[in-house]
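> sequence unknown, structure follows:
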């Protein structure tokens, strides 16, 4: 810990003296090594955002400028990961009209999202399905199965009757999705829940099966389950940290599945603890963050991404939202600086101007330059400092090795004379 602190101090000194370090081009696949994400051989710490609407907007060519603006705004504020939906089942602008029947125009919208993310240096997390009814969700799959004559008891039967889409060749770049390094990871489902089986066995079996299936098709990309982070039967002593409900998931057991490469946590104390005051919600959040970081570090031994967090301005003021953002960012940075399991956070959610009808109180519009935007930018800078420090150390190590090789070659030549 002391050594890392000394190295960081030395790095910041170089920065002040005007020796600026350029990270290598981010054109490689993100991998994992222990508790770290790795990109181009160096640890990858990144600040990011959610924008579920990207494919939906891009499916209408007249709206694609909003996608470009979102990525441009993100880049300008140091954001390098975006999480978005790669599903739309039935309904308006569907990706799937019916099981296995796809809408090429919407798929081309997703192609545009991937190509624009690549243009602006943004890595993507693409989610395969939704737990909720919006954009179809597992309910739509269950309805399709019922219409085909299958016996379905409840929406939770999705977990034994699911359809997953993986393969696609981008119509704009010509690159197959499974070969596209702009995609950082796949997500099995947005916030999977199976309340009909609080034992967690149904969810554990589904994640195990789906993870193996995805990995059998695509060995290039990382995979995560989409979990909110609720503790289950495998760590019953930690269920005290949950909000007062069970959803059939298990943070420890679900993330120990071999095909799951990193863990995720969502954080919404304003939704989960609606009857509690702000002080109690922040106290819960601090425990929630710290407990999951420690468990990812000491039990899972995998990277941890805070994949969703936010606070609605419909029920809180800007200062209250800033306090939540600052609490999340402080926990992530403290862990990352010490070489811990937290690798970044993705706030919910980034909008661009002209999306008033989509507003839900959680939106952040970067061009508005609010205090929240300033916090986001500061976190990007702090995580980027850590990332660049590791790149510098790697470059020094490579330089030292090359120097030793040259020295050995020189003396070998001398000896030959």
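It's in. Everything numeric here is computed off the predicted structure, so don't read it as measured data. Numbers count the residues shown, from 1 in each chain.
> and the nearest residue to residue 118 once chain neighbours are set aside, how far is that from residue 236?
Of all residues not flanking residue 118 in the chain, residue 182 sits nearest, at 4.2 Å (C-beta to C-beta, 6 or more residues apart in numbering). In short, each C-beta sits where N, CA and C put it, glycine included. Remark: distance between residue 182 and residue 236 (C-beta to C-beta, to the nearest Å) = 40 Å.
> quick one, which of the two is more surrounded?
With neighbours defined as other C-beta atoms under 10 Å, residue 182 and residue 236 compare such that residue 182 has more, 23 against 10.
> mind checking pLDDT for the more buried one?
In this model, residue 182 is scored at 96, pLDDT.
> Use 5 as the first number for this chain going forward.
From this message on, residue numbering opens at 5, which makes the last subject residue 186.
> quick one: contacts for it?
By C-beta atoms under 8 Å, 6 or more residues apart in numbering, the contact list for residue 186 reads 118, 121, 122, 126, 127, 128.
> Serialize the residues you listed to TSV and add fields for secondary structure and neighbour count.
Putting the contacts of residue 186 into TSV (DSSP: H, G, I helix; E, B strand; the rest coil; neighbours: other C-beta atoms under 10 Å) gives the following:
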residue	secondary structure	neighbour count
118	helix	26
121	helix	26
122	helix	22
126	coil	25
127	strand	23
128	strand	24
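> can you list contacts of the helix or strand where residue 256 lies?
According to DSSP states H and E, residue 256 maps onto helix 255-259. For helix 255-259, the external contacting residues (C-beta under 8 Å, 6+ apart) are 204, 207-208, 211, 229, 231, 233-239, 242, 264, 267, 269, 296, 299-300, 303-304, 306.
> State the distance from the residue nearest to residue 122 to residue 75.
Relative to residue 75, and taking C-beta to C-beta, residue 186 is found at 11 Å.
> Now the common contact residues for the two.
Common neighbours of residue 186 and residue 75, counting by C-beta under 8 Å, 6+ apart, are 121, 126.
> Quick one: the helices in the chain, in order.
For the chain, the helices defined by DSSP state H occupy 6-20, 58-62, 68-80, 108-123, 141-151, 205-221, 255-259, 273-276, 282-299, 322-341, 375-420.
> most tightly surrounded among those helices?
helix 58-62 (a mean of 26; mean count of other C-beta atoms under 10 Å).
> so what does that helix touch, helix or strand wise?
helix 68-80, strand 85-89, helix 108-123 (3 or more C-beta pairs under 8 Å, 6 or more residues apart in numbering; DSSP states H and E).
> among these, which is nearest residue 339?
Ranking these by proximity to residue 339 (C-beta to C-beta) places strand 85-89 first, at 16.6 Å.
> May I see the helices and strands packed on helix 58-62 arranged in CSV, with distance to residue 276 and mean pLDDT as well?
Listed next are the helices and strands packed on helix 58-62 as CSV, based on distance: least, C-beta to C-beta, whole Å; pLDDT from 0 to 100:
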stretch, distance to residue 276, mean pLDDT
helix 68-80, 27, 97
strand 85-89, 20, 97
helix 108-123, 30, 95
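> These into CSV, with extra columns for distance to residue 291?
Below are those laid out as CSV (distance: least, C-beta to C-beta, whole Å):
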stretch, distance to residue 291
helix 68-80, 30
strand 85-89, 24
helix 108-123, 34
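> where in the stretch 155-304 of the chain is pLDDT low?
155-170 (pLDDT under 70).
> Just the buried ones among the contacts of helix 255-259, please.
Buried by 16 or more other C-beta atoms under 10 Å: 204, 207-208, 211, 229, 231, 233-236, 242, 264, 267, 269, 296, 299-300, 303-304, 306, out of the contacts of helix 255-259.
> ok, now which ones touch residue 364?
Residue 364 touches 316, 318, counting by C-beta under 8 Å, 6+ apart.
> now do residue 353
Counted by C-beta under 8 Å, 6+ apart, residue 353 has contacts 53, 54, 55, 56, 314, 366, 367, 368.
> how much space between it and residue 327?
19 Å.
> again with residue 100
41 Å.
> Same question for residue 67.
Distance of residue 67 to residue 327, computed by C-beta to C-beta: 34 Å.
> Over to residue 362?
Residue 362 sits 25 Å away from residue 327, going by C-beta to C-beta.
> Likewise for residue 187?
34 Å.
> can you check residue 132 too?
Look at residue 132 and residue 327: by C-beta to C-beta, they are 34 Å apart.
> again with residue 138
Using C-beta to C-beta, residue 138 is found at 28 Å from residue 327.
> next one: residue 371
Residue 371 is 23 Å from residue 327, where distance means C-beta to C-beta.
> who's in contact with residue 185?
For residue 185, the contact set (C-beta under 8 Å, 6+ apart) comprises 31, 32, 33, 34, 224.
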